[in-house]
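Asker: my questions concern the predicted model and sequence given below.
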Amino acid sequence: MSPSFRPRGPKTVTPKSAEEIDEIVRKMRGEQQRPDNYRERSLKMHGWICAKCGREFELSNLHLLTVHHKDGNHNYNPSDGSNWENLCAYCHDDEHSRNILADYLSGKSKR
């Protein structure tokens, strides 16, 4: 005897509002863990300039300006912007590679 795959009857599904759907999507994406777009807030607070080299940015090249978390914790985003500094892509890369080089030179590196 083979199992039957017939539907057992209509299930009633209550329609969700747009707000409920948006909340479900946010939860699925994990967006509730990060505050709303800290990059935009940092750009408004600190301006379109690299804090390290002083390069100024325009809308056409703004994608090269990144937000660096000073303490390294991307989930720590205080509303006053104290954990952020805007760095160009080159200075941001340099900032992170300095720690790698320091660890290597001090013998802390596993390589």
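Answerer: It's in. Numbering: from 1, shown residues only.
Asker: return the set of buried residues in the lengthiest helix in the chain.
Answerer: Ranked by residue count and defined by DSSP state H, the top helix of the chain is helix 89-106. Applying a neighbour-count criterion of 16 or more other Cβ atoms under 10 Å, one finds Cys91, His92 buried in helix 89-106. Every C-beta, even on glycine, is put in place using the N, C-alpha and C of the backbone.
Asker: the chain: strands as residue ranges?
Answerer: Counting by DSSP state E, the chain has strands at residues 65-69, 84-88.
Asker: now the longest helix of the chain: average pLDDT?
Answerer: Mean per-residue pLDDT for helix 89-106: 87.
Asker: counting by contacts, list what it packs against.
Answerer: Applying 3 or more Cβ pairs under 8 Å, 6 or more residues apart in numbering; DSSP states H and E, one finds that helix 89-106 makes contact with strand 65-69.
Asker: where are the low-confidence patches of the chain?
Answerer: Filtered on pLDDT under 70, the chain yields the residue ranges 1-13, 30-36, 109-111.
Asker: follow-up on the earlier one: I'd like the strands of the chain as a markdown table, with distance to Tyr38 and mean neighbour count appended.
Answerer: As requested, the strands of the chain are exported to a markdown table (distance: least, Cβ to Cβ, whole Å; neighbours: other Cβ atoms under 10 Å):
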| stretch | distance to Tyr38 | mean neighbour count |
| --- | --- | --- |
| strand 65-69 | 6 | 19 |
| strand 84-88 | 7 | 22 |
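Asker: circling back: residues in contact with the longest helix of the chain: which ones?
Answerer: If you take Cβ atoms under 8 Å, 6 or more residues apart in numbering as the criterion, helix 89-106 is touched by Cys50, Ala51, Lys52, Cys53, Leu64, Leu65, Thr66, His68, Leu87, Ser109, Arg111.
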